[in-house]
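1. fold the following.
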Amino acid sequence: MDKYPDQKRAVQFLYPPIEPFDQRIIDVGQGHRVYFEQSGNPDGIPVVVCHGGPGGGSSPAMRRYFDPQVYRVILFDQRGCGRSRPYASCEANTTWHLVADMEEIRRTLGIEQWVLFGGSWGATLALIYAQSHPERVTHIVLRGVFLMTQSELDWFYNGGAGRFWPETWSRFISLVPENERGDLIKAYHKRLFSGNRNEEIRFGRAWSAWENALASIASNGVSGDPPSEYARAFARLENHYFINNGFLDFDGQILANMGRISHLPGKIIQGRYDMICPPQSAWRLSELWPNADLVMVRNAGHALSEPGISQELVRAMDSIAEEQQE
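-> Residues are numbered from 1 along each chain as shown. Prediction:
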């Protein structure tokens, strides 16, 4: 959930705000309708933005990483998120449904190939889409790499990050009985899907607060309470994906399939002190991706809006634009 305290300092690196020239909700099947929009140059280089979470939704700020004279910017809200409907639905909502939805959007817009841009879970989705449809991708730009592995989930939900933030971790686990703390994803799942709305909101807020508190390097370990319905929806969707290991066939699937996309040019922007998605994943990915440039941003954490992260992402997109225009 990219709502971080350093948003204003990051703005200096971004392009001016732009409004979409096209907004739609399309029926993608299984009872789901997905929102997408286009902004920037209708004849420009197509770039699709994969937002984080799962469950985060897109925001107008995400349009500002791209030169609006050069790029045709496509934002979409993944199933159950933002303006997609039904809101917060976990039914027929898997990674493979999201990949199919991206293809439906691409076909609807008549785009042959596009640039993929994604951070955190959005990086996961971008990589899986690319490995499924490499012929549709020209470049991949990632931030805060998450590879949907058990070791990454253990880091964040089994005490790894909690060693750096013991007081914040203590608040997160305090809602769960001691005998269930060995598997917090499972323990929270039980409460987030209990059918008791008040309980689901309470645990949704706690789940969201734990993640928000660690997003920015400037954090003091405390985050404000997100709106109750948003917190519940975000937490339920994210937990739904994590308890199912991202619906991947096996642990480490993305790294194992890097041969499918190793020929594609990529840029990886990683905060050195990312507490949510530690740099090891970005490093391991770059080792298997000879055509990717890895930039470790010092004095930066996980947040899309952190100044160093924003600056490098804009620089990456500008360099692709220059390359394409030569």
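2. residue 73: what's it in contact with?
-> Contact partners of residue 73, counting by Cβ atoms under 8 Å, 6 or more residues apart in numbering, are 18, 38-40, 47, 49, 63, 66. Just so you know, the C-beta spots here come from the backbone N, C-alpha and C atoms, and that holds for glycine as well.
3. wasn't residue 176 part of a helix?
-> No - under DSSP: H, G, I helix; E, B strand; the rest coil, residue 176 falls outside any helix and is assigned coil.
4. what helix or strand does residue 112 sit in?
-> Using DSSP states H and E, residue 112 falls within no helix or strand.
5. which of the contacts of residue 73 tops the neighbour count?
-> Ranked by neighbour count (other Cβ atoms under 10 Å), these have residue 66 at the top, with 29 neighbours.
6. contacts only, for that residue.
-> Counting by Cβ under 8 Å, 6+ apart, the residues that residue 66 touches are 15, 40, 47, 73, 317.
7. please redo it, this time with the cut-off set to 10 Å
-> 14-15, 18, 39-41, 44-45, 47, 49, 72-73, 115, 117, 313-314, 317-318, 320-321 (Cβ atoms under 10 Å, 6 or more residues apart in numbering).
8. go on, residue 38?
-> 20-24, 44, 46, 63, 72-75, 105, 109.
9. and which of these is nearest residue 95?
-> Nearest to residue 95 out of the contacts of residue 38 is residue 105 (Cβ to Cβ; 15.8 Å).
10. how much space separates that closest one from residue 241?
-> Counting by Cβ to Cβ, to the nearest Å, the gap from residue 105 to residue 241 is 20 Å.
11. kindly report the same for residue 155.
-> Residue 155 is 16 Å from residue 241, by Cβ to Cβ.
12. any idea which helix or strand of the chain has the worst average confidence?
-> helix 7-10 (a mean of 57; mean pLDDT, DSSP states H and E).
13. helices along this structure, start to end?
-> 7-10, 95-109, 121-132, 150-157, 166-173, 184-192, 197-213, 228-243, 253-256, 279-287, 307-325 (DSSP state H).
14. out of those, which gets the lowest mean score?
-> Ranked by mean pLDDT, the helices of the chain bottom out at helix 7-10, which scores a mean of 57.
15. under the pLDDT cut-off, which ranges of the stretch 1-150 of the chain? List them.
-> Across the stretch 1-150 of the chain, residues meeting the criterion (pLDDT under 70) sit at 1-10.
16. that one: strands as residue ranges?
-> 22-29, 32-40, 45-50, 71-76, 114-120, 137-145 (DSSP state E, counting those that start in this stretch).
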